[in-house]
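Undergrad: task: produce atomic coordinates for the following.
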Amino acid sequence: MGRKRSPENENLPRGMIFNKKAQTYYLRGKDQKDIRLGKSINEAFRNYYAYAEINFECHTVSDLIDRYLKEISPTKAETTHKSNLSAAKHLLKRFGHMNPLMLRARHAYQYLDLRAREGAPVRANREFALLSTIMTHAVRWGIIDSTPFHGIIRNPEKPRDKLVTNEEVAIFHKYCPRWLQLYIELKLATGLRQTDMLKLSSKDWDETTGLRVHTSKNKNRMQFAYCEHVALIIADLKEINGYRGKEKSKAPLFHWYFFASHANARLEKPLTPDGLRTAWNKAMLEAINIGELDKAQRFQERDLRAKVASDCENINQAFELLGHSNVSTTKRVYRRGYSQVNTLAPQSNSKTNVKQSIEK
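TA: I've put the predicted structure just below:
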């Protein structure tokens, strides 16, 4: 029987250790040579599942989580994988030692209630969703016969209801650098998610057919028809990112990203979410500090997608534009404000008309 792990290591995956003196996480290999994983727990988890040789004989929930994060999670969108790594830390702490065959619905409810008492009820829902998905894969892997988490009622959530006005967008727009202004304009024209906006490049645009997007979340193939408004936005983006060299000897690039990171001039890469967030917050704080926006008017990048849905004439148009798999998602999360409906005109009081109306 192996030696009991120290308190700082007992909730870490197999082979990961924390060196208190160096304040660094390591992966202990078979030859006892440690591989540095990083100083932060998030960095350590990302590197762990890149280096570790996972034993897929799943005897505990910890083994299941290890297998999912090694096999399945890396195939998801980058933001989803990053979220899974964060959620896994909490699941390992509470469920890691348990036998998957012993999990019951009551354990899910105990976990949801516990995390709610800790002040993270919504985050608990996301963590449980990951655990439920892992258990579904455990059925496929032949480890359990059925998942115990059917029909679990999660912690109540209140959808974000901030409705951004045209005036707020116009004020914020003034404090943004030119590339961020173009980002906002393209976002309001297409309603694309941030992940899909940042990966847009010259290969997605055609002067005759328009903008083609393969969405990252639900893998929809969307074709935005050519229009002059979008063409002008992309032309301005090309002036910023589509050429390299000095002003007099600018050379067009064969491939360029609409929103590019110029950290390395020799290797063009798309802008990162962190880079976008930094520029966004800087412009927002400037608008608030000057006094043109107050703190109550502050809005996030994701609120623009909801604004697009709310500005559509009807729910079907919003559903098609946002590319959701289910129209209920459009209704529940993204349609904010008021829906336009027509009043019912008064009808004749004659009994004949009433009878005909009922029969019809």
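
Undergrad: residue ranges with poor pLDDT in the stretch 101-250 of the chain?
TA: 247-249 (pLDDT under 70).

Undergrad: where do the helices of it begin and end?
TA: Taking DSSP state H, counting those that start in this stretch, the helices of the stretch 101-250 of the chain run over residues 105-117, 121-140, 166-174, 178-190, 194-198, 228-241.

Undergrad: out of those helices, nearest to Leu91?
TA: helix 121-140 (5.5 Å; CB to CB). Any C-beta I mention is one placed from the backbone N, CA and C, and that applies to glycine too.

Undergrad: show residues contacting that closest one.
TA: 58, 61, 64-65, 67-68, 72, 83-84, 87-88, 90-91, 95, 100, 103, 108, 111-112, 114-116, 144-149, 152, 154-157 (CB atoms under 8 Å, 6 or more residues apart in numbering).

Undergrad: report how many residues lie close to Thr209.
TA: Per other CB atoms under 10 Å, the neighbour tally for Thr209 reads 11.

Undergrad: brain fart, Tyr257
TA: 21.

Undergrad: who does it form a beta bridge with?
TA: In this entry, Tyr257 is beta-bridged to Ser201, by DSSP bridges.

Undergrad: isn't it up against Glu268?
TA: Yes. Tyr257 lies in contact with Glu268 (CB atoms under 8 Å); the separation is 6.4 Å.

Undergrad: overlap of the contact sets of these two?
TA: Asn241.

Undergrad: any idea how far the spatially closest residue to Met222 that is not a sequence neighbour is from Gly323?
TA: In this structure, Met222 finds its nearest non-sequential neighbour in Val213, 4.7 Å apart by CB to CB, 6 or more residues apart in numbering. As judged by CB to CB, to the nearest Å, Val213 and Gly323 stand 8 Å apart.

Undergrad: kindly report the same for Pro177.
TA: Counting by CB to CB - Pro177 and Gly323 are separated by 28 Å.

Undergrad: and the two? which has more neighbours close in?
TA: Gly323 (20 against 12).

Undergrad: contacts only, for the nearest residue to that one once chain neighbours are set aside.
TA: Nearest residue to Gly323, sequence neighbours excluded (CB to CB, 6+ apart): Asn220, at 4.5 Å. Applying CB under 8 Å, 6+ apart, we find Asn220 in contact with His214, Gly323, Ser325.

Undergrad: would TSV of those with distance to Ile184 be doable?
TA: Compiled in TSV, those are given as follows (distance: CB to CB, whole Å):
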residue	distance to Ile184
His214	23
Gly323	19
Ser325	26
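
Undergrad: now, which of those sits nearest Pro273?
TA: Nearest member of the contacts of Asn220 to Pro273, counting by CB to CB, is His214, at 18.7 Å.

Undergrad: my read is that that closest one contacts Arg221, right?
TA: Yes. Here His214 reaches Arg221: they are 5.6 Å apart, a contact under CB under 8 Å.

Undergrad: coming back round to it: show me the one of the helices of the stretch 101-250 of the chain that comes nearest Ala345.
TA: Of all these, helix 166-174 comes closest under CB to CB, at 31.9 Å.

Undergrad: residues touching that closest one, excluding its own?
TA: Gln181, Ile184, Leu188, Ala283, Met284, Ala287, Glu292, Leu293, Gln297, Phe299, Leu304, Lys307.

Undergrad: ChimeraX command to pick out the buried ones of those?
TA: In ChimeraX, a selection of the buried entries from these looks like this (16 or more other CB atoms under 10 Å):
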select :181,184,188,283,284,287,292,293,297,299,304,307
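
Undergrad: residue contacts, Asp145?
TA: Counted by CB under 8 Å, 6+ apart, Asp145 has contacts Val139.

Undergrad: for it, give its distance to Leu101.
TA: On the measure of CB to CB, Asp145 and Leu101 end up 9 Å apart.

Undergrad: equivalent analysis for Arg332, please.
TA: 35 Å.

Undergrad: got it, and Asn289?
TA: Taken as CB to CB, the span from Asn289 to Leu101 is 57 Å.

Undergrad: got it, and Ser261?
TA: For Ser261, the distance to Leu101 - CB to CB - is 47 Å.

Undergrad: who's more crowded, the two?
TA: Ser261 (16 against 11).

Undergrad: sounds good, over and out.
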